Structures are given as structure tokens and as C-alpha cells.
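S.K.: Structure, please.
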Amino acid sequence: MSRVLLFVPRFLLAVPRAIGRLWQRSLWLRVTLTTLVLSVIVVGVLGLLLLTRVTSGLLDAKERISVGEATAGLGEARRILDAADTGASTPAPERIVDSVVSALAARAGSPATFDVLLLTSEPGANTPERGTNLVAESSVPDALREAIVTSGRQSWTYTQIAFLDGRTTPGLIIGAPLLVPTVGPYELYYLFPLAQEQGTLDLVRSAVIVTGLLLVLLLAMVAWLVTRQVVVPVRAASRTAARLADGNLAERMPVRGTDDLARLATSFNAMAESLASQIRQLEDLSRVQQRFVSDVSHELRTPLTTIRMAADVVYEDREQLDAPTERAVELLQNQLDRFEALLADLLEISRFDAGAAVLDDERVDLVGVVRRAIHAATPLAERAGLDVRLVTLDRECLVQCDQRRVDRIVRNLIENAIEHGDFRGVDVRVAHNELAAAVSVRDFGVGLRPGESSLVFNRFWRADPARARTTGGTGLGLAIALEDARLHGGWLEAWGEPGKGACFRLTLPRERTRGFEESPLPLEPEASDYSPPTEEPSRRTTEPTETASPAARFAIGGVDR
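M.R.: A predicted model of the protein is given here:
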């Protein structure tokens, strides 16, 4: 039972969300429902105005006829009373009242178009009261009786006419004062039933509602058909564009007729043909470039090996040479190292381009990989005069990966952070959850300008081409790291702001057969992260140390904080 109660709120929340997603995704639905709602509003307003005008017209006509009849009846009653008052003998009050009511009732016709009530104006007086067709005295509102007695003039109102048998009907009541000789003041009331007018209004209301519903449905159908003529080609264009994006360059839109949509399809097909032609040209150029890089890289291996062997022989005997020659031999050795690194990177890139890169999967402790990468960067950190800090709550984090490639990614990120950082050092974090493990490398240097976080992974791209290359980088390190991360099914992302430094995050699945949806570490540093000092302290070199804090932390080269 508790599960059912928990399911009901989720269902109630899921339904509006599903409707909202459908509303956002379907132009067809939005146009049709919008037309339907606006049609209901317009038809409702027009129907209400029509009913108001018809009701007002019927009641005004009924009111004019009724007031005229009541005025004429009042004159007739007064003539009867005057005739009775001037006779030789005065009739009994009952006979006078009966004669008035009978004469007025005869004017109503058959069937009667109105009823008559003759009521005394003195409550409690022992005077006769008469009416026709069993009309109840309660039909006359007290407010109307008070108004007639007070003003002494004719008045009327709309109310419910009640009968002694329990029936009620809407009606118009018109009253006026009437003085009966030898009896006293009376009130003469004409009661005009509005049953016929009510039936007419009900008929008009039903006709307006039915006509309005049919009109709304017709307008909705028209909107549905008109929108369909526009939406169907647009959806076809969307599907064609999606297939083009998937690489099916031969996909085209069908062209029917010569209208605007047909011209749109023709223009779309021309654009697709132009894009396909340019893409094929770029693919051909890319294949030529990739083959050139691959061939040149392989062809340079043999002469470079020979030059390396000769340079190593000379380098080993450099102490026997004069100073200028010894310096030249050292420069030759350094440049050969850079040349070999560039050649190795080019060969690695050519493997990725050719789809020949493979993974050598094994169970690897990611924390151990990061520690070894930090220790390997010790000489570079010492020369830069800064420290590299490892902050992690994990003593071990097992990941199924290619250790050589992951080690290359981490070393590249740490060396880049050291090169572009400042005296505040570099923070390296490791974390994992059930599905993924992540390594983030944060420096506090110049940072990245807007838009550069995606450019840093481009081949041979540098944020500042004039920067001194202290590590002899080739400009291919991050591009190779990105390909290595993709080969593992992982992410390699960058964040940076000018003056706030940069952060690179590597996220890998812990099992190659299981994916992940989020990283255990944030890409953008949080305010609660470790905040290094803002002033440069005195520089001194320390050995790697581990604190007893919950987070393992290492300081390598530079300042021990």
C-alpha cells in the first residue's frame, strides 16, 4: 500500500512533465491546441454577446407589452370601481373584489397570458383578497409591495411566480395601488409568466452551444490540416538533416510541386549537395595529410636512429672536446630528444587517424598511477619552484584501463599545469564512485580565455605561441590525451578563467562494459576547494611527504605548505 501511495505523486508529477515535453517538441500540437483554445475563447465571447442581446430583446418586448396591459387593466379596474361607487346601492366588498378580478381575468384570454392578484394594503384587516389560477400571495416580493405602498405608483420586478399546487415559474410582476370604495386601499398585481420566453432562450442557448462546438471543432480540424501541410515537410527536412549529420551524405528531401515548400526542399538539397562535395574534398585532403604525416614519420625513423647513434657516441665523449663544441653537442642531444618526442607523437596521432590504436586492458590502481606521475614531474616542479599536491580520500581506486595510456594522459596534464602555473602550485585530485573514476589537475596560472577550453585539444594549438617552451612540448600532447580518453570510453574536459587558472578533468569508466553519466569530480572548482596562499613565500625544496589528514597529500618540489 505504501508503494502505491509513493507511486501516485510520482505519476502525478510525470504526467505534466510528459505533456510539457510533448508541447515543446511538437509544433503541430502547439498550433492546433493554440487555435482550439483561441477559437473557444472567441466563440464563447460571441455566443455570450448573442445570448445577452437575445435575452435583452425578449425581456424588453415582454416588459413593454406587460406594462401596457397592466396599465390598461388598472384603468379598467378603476372604471368598475367608480361605477360601483355611483350606483343606487353599494355592493358587498366581496362582490366588488370578485367583479374586478373577474373582469381583469377575462382580458387574459384562453389560455391565460397573465394572472391577477388583488391584495389589501392593510395587513390584518378583515378585507377580501382574490387571485386567479391559484396564484399564491407569496409570489409578490415584500420589496415590491413596500415600494408600491410607499411611492403610490406603478412598479414591477422579475421573480418566481408560485402557485398553490407547488408549481413555480419565472415571471414579471407589475403592481399598482388601487382604492376600493367602502373597503380601503388595495394593491393590484399582474403576474406575467415567462415560460415561453424561457423556452425560447433555452432553444437559442442550445443552438449557440452546438453551433459553437461545431465551429470550434471545424477550426481545430482546419488548423490541424493546414499545420500538417507545413509540419510534415519540416519534419522530413529534420529527418533528412539528421541522416546527413549521421554521415549519409546521399540523403535528399523529396520535392513535390512548385510552391514555397518545394523551393525550400530544392534549396535544402542544393545545400546538402554542396556540403557533401566539400566534406568529400576535406576527407580526401585529410587522408592525404594523414598519409603524408604517417609516411614522413615512418621514413624519418631510420635517419633519426642513425643520427641518434652518432650523437650518443659524440655526447659520451663530450668532456674531451673544447667548450664551444661540448655546448654544441649538448644542444644537439636536447634537440634530438625533442625531435624524437615529436616523431613519437606524430606516429601516435597517425595510429589514431588510421584506427589502429588498441587498448591493453588490465586492473590498474589509478591513485598509484597519479602518484608515480607526480614523482616523475619532480624535476620539472623543482625547476619551476612550485609544489604539486595530491588530494584524495582514496587509498586505492581500481580501474580497467591501459596503464601506459592513462599514465601518459596524467603526466601530460601535470606537466602542462606546472608549465602554465605560478607559485601557488598545482592541485591533483582523485575520486571515484560505483561507475566512474576521475582525476582533476588544477593550476592557478593565467587560465583560459572564453572559448579556449575547447581549442586546447586541437593539434598544435597553443594559448600563447610566443610562450617559452620550457618543457619542449610538441603541441600534440592534449590531442593525444583526448584520443586516449575517448579510446577508453571516457571524457577529457577543460575549464579555465583568466587570472583564476585552469582545471583539466579525466573521467574513466571503472569497467569497460559499463558506461557512466556523471563524473565523481566537479570540473569547475568550488569555493570550498583548497585555497593556496596569495603571496609568494620563500622557496625551499622538500621531499614528498604524506600528512595524517583524511586526504592524502603530497608536496613535490618548491614550497611545502
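
S.K.: drop to CA atoms for contacts and neighbour counts, all remaining ones
M.R.: Fine.

S.K.: where does this protein dip in pLDDT?
M.R.: The model of the chain has pLDDT under 70 over residues 1-13, 85-91, 93, 123-130, 289-290, 292-294, 296-298, 352-356, 462-474, 526-561.

S.K.: in the chain, which spans are helices?
M.R.: 2-25, 27-85, 93-106, 142-151, 195-245, 260-316, 323-354, 366-376, 378-384, 403-420, 452-455, 477-487 (DSSP state H).

S.K.: for those helices, which one sits closest to V430?
M.R.: helix 366-376 (6.8 Å; C-alpha to C-alpha).

S.K.: in that closest one, what's buried?
M.R.: Buried residues in helix 366-376, counted by 16 or more other C-alpha atoms under 10 Å: 366-367, 369-371, 373-375.

S.K.: returning to that earlier point: right, and the helices of the chain - which one's nearest E524?
M.R.: Here helix 452-455 is closest among the helices of the chain (C-alpha to C-alpha), at 11.7 Å.

S.K.: Show me what that closest one is packed against.
M.R.: strand 491-497 (3 or more C-alpha pairs under 8 Å, 6 or more residues apart in numbering; DSSP states H and E).

S.K.: partner strands of the strand it packs on, parallel or antiparallel?
M.R.: Applying DSSP bridges, strand 491-497 is found paired with strand 501-509 (antiparallel).

S.K.: Can I get the partner strand as PDB, trimmed to CA atoms?
M.R.: Output in PDB follows, covering the C-alpha atoms of strand 501-509 (Å, rounded to 0.1, in the frame of the first residue of the first chain):
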ATOM      1  CA  GLY A 501      43.900  29.200 -13.600                       C
ATOM      2  CA  ALA A 502      42.700  26.200 -15.400                       C
ATOM      3  CA  CYS A 503      41.400  22.700 -14.500                       C
ATOM      4  CA  PHE A 504      41.500  19.600 -16.600                       C
ATOM      5  CA  ARG A 505      39.400  16.600 -15.700                       C
ATOM      6  CA  LEU A 506      39.900  13.000 -16.800                       C
ATOM      7  CA  THR A 507      36.900  10.700 -16.200                       C
ATOM      8  CA  LEU A 508      37.100   6.900 -17.000                       C
ATOM      9  CA  PRO A 509      34.600   4.100 -16.600                       C
END
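
S.K.: residues in contact with L398?
M.R.: 363-366, 510 (C-alpha atoms under 8 Å, 6 or more residues apart in numbering).

S.K.: do that again at 6 Å, thanks
M.R.: 364-365 (C-alpha atoms under 6 Å, 6 or more residues apart in numbering).

S.K.: count of residues packed around I19?
M.R.: 11 (other C-alpha atoms under 10 Å).

S.K.: Distance check, it against S39.
M.R.: 21 Å (C-alpha to C-alpha, to the nearest Å).

S.K.: same thing with R486?
M.R.: Applying C-alpha to C-alpha, the value for R486 to S39 is 54 Å.

S.K.: neighbour-wise, which of those two wins?
M.R.: Comparing R486 with S39 by other C-alpha under 10 Å, the one with more neighbours is S39, at 20 against 13.

S.K.: mind checking how far that one is from T200?
M.R.: According to C-alpha to C-alpha, S39 and T200 sit 26 Å apart.

S.K.: now A270
M.R.: Taking C-alpha to C-alpha, one finds A270 at 65 Å from T200.

S.K.: Next: T55.
M.R.: As defined by C-alpha to C-alpha, T55 lies at a distance of 9 Å from T200.

S.K.: same thing with Q24?
M.R.: 46 Å.

S.K.: Compare these two and say which is more crowded by neighbours.
M.R.: The residue with more neighbours, out of Q24 and T200, is T200; 15 against 11, by other C-alpha under 10 Å.

S.K.: Please spell out which residues along stretch 132-139 are buried.
M.R.: So stretch 132-139, judged by 16+ other C-alpha under 10 Å, has buried residues 132, 135-137, 139.

S.K.: follow-up on the earlier one: quick one: which of the helices of the chain is nearest L117?
M.R.: Taking those one by one with C-alpha to C-alpha, helix 93-106 is closest: 7.7 Å.

S.K.: quick one, that closest one and helix 27-85 angle?
M.R.: Relative orientation of helix 93-106 versus helix 27-85 (axes from the mean of the first three to the mean of the last three C-alpha atoms, to 10 degrees): 140 degrees.

S.K.: CA-only coordinates of helix 93-106 in CSV, if you can.
M.R.: The C-alpha trace of helix 93-106 is given here as CSV (Å, rounded to 0.1, in the frame of the first residue of the first chain):
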residue,chain,number,x,y,z
PRO,A,93,-66.9,44.2,-0.6
GLU,A,94,-66.6,40.6,-1.7
ARG,A,95,-68.7,41.2,-4.8
ILE,A,96,-66.8,44.3,-5.7
VAL,A,97,-63.4,42.5,-5.4
ASP,A,98,-64.8,39.5,-7.3
SER,A,99,-66.1,41.7,-10.1
VAL,A,100,-62.8,43.4,-10.5
VAL,A,101,-60.8,40.2,-10.6
SER,A,102,-63.3,38.6,-13.0
ALA,A,103,-63.3,41.5,-15.4
LEU,A,104,-59.5,41.6,-15.4
ALA,A,105,-59.2,37.8,-15.8
ALA,A,106,-61.4,37.9,-18.8
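
S.K.: Just give me how far that helix sits from the chain centre.
M.R.: Helix 93-106 has its C-alpha centroid displaced from the chain centroid by 78 Å (C-alpha atoms, centre = their mean, to the nearest Å).

S.K.: Which positions within it qualify as buried?
M.R.: Buried residues in helix 93-106, defined by neighbour count with 16+ other C-alpha under 10 Å: 93, 96-101, 104-105.

S.K.: ditto for stretch 403-412
M.R.: Applying 16+ other C-alpha under 10 Å to stretch 403-412 flags 403, 405-412 as buried.

S.K.: now swap in stretch 506-522 and tell me
M.R.: Within stretch 506-522, the residues scored as buried using 16+ other C-alpha under 10 Å are 506-511, 516, 519-521.

S.K.: for stretch 309-321, same thing?
M.R.: Of the residues in stretch 309-321, 311, 314-315, 318 count as buried by neighbour count, 16+ other C-alpha under 10 Å.

S.K.: Contacts for that stretch, please.
M.R.: E326.

S.K.: Equivalent analysis for stretch 147-164, please.
M.R.: 134-136, 139, 168-176.

S.K.: Rebuild those as a markdown table, extending it with distance to E63.
M.R.: Converted to a markdown table, the contacts of stretch 147-164 look like this (distance: C-alpha to C-alpha, whole Å):
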| residue | distance to E63 |
| --- | --- |
| L134 | 23 |
| V135 | 20 |
| A136 | 22 |
| S139 | 18 |
| T168 | 20 |
| T169 | 16 |
| P170 | 14 |
| G171 | 11 |
| L172 | 8 |
| I173 | 10 |
| I174 | 9 |
| G175 | 13 |
| A176 | 15 |
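
S.K.: from the buried residues of stretch 309-321, which single one is nearest S453?
M.R.: Nearest member of the buried residues of stretch 309-321 to S453, counting by C-alpha to C-alpha, is A311, at 39.9 Å.

S.K.: How much space separates the closest one from S440?
M.R.: 39 Å.

S.K.: The nearest residue in space to V358 that is not next to it in sequence: neighbour count?
M.R.: Nearest-residue entry for V358: L487, 7.9 Å, with adjacent residues in sequence omitted and distances by C-alpha to C-alpha, 6 or more residues apart in numbering. If you count neighbours by other C-alpha under 10 Å, L487 ends up with 17.

S.K.: The longest strand seen in the chain pairs with which strands, and in what direction?
M.R.: Longest among the strand segments of the chain by residue count, using DSSP state E, is strand 168-180. For strand 168-180, the paired strands and their directions (DSSP bridges) are strand 155-162 (antiparallel), strand 184-193 (antiparallel).
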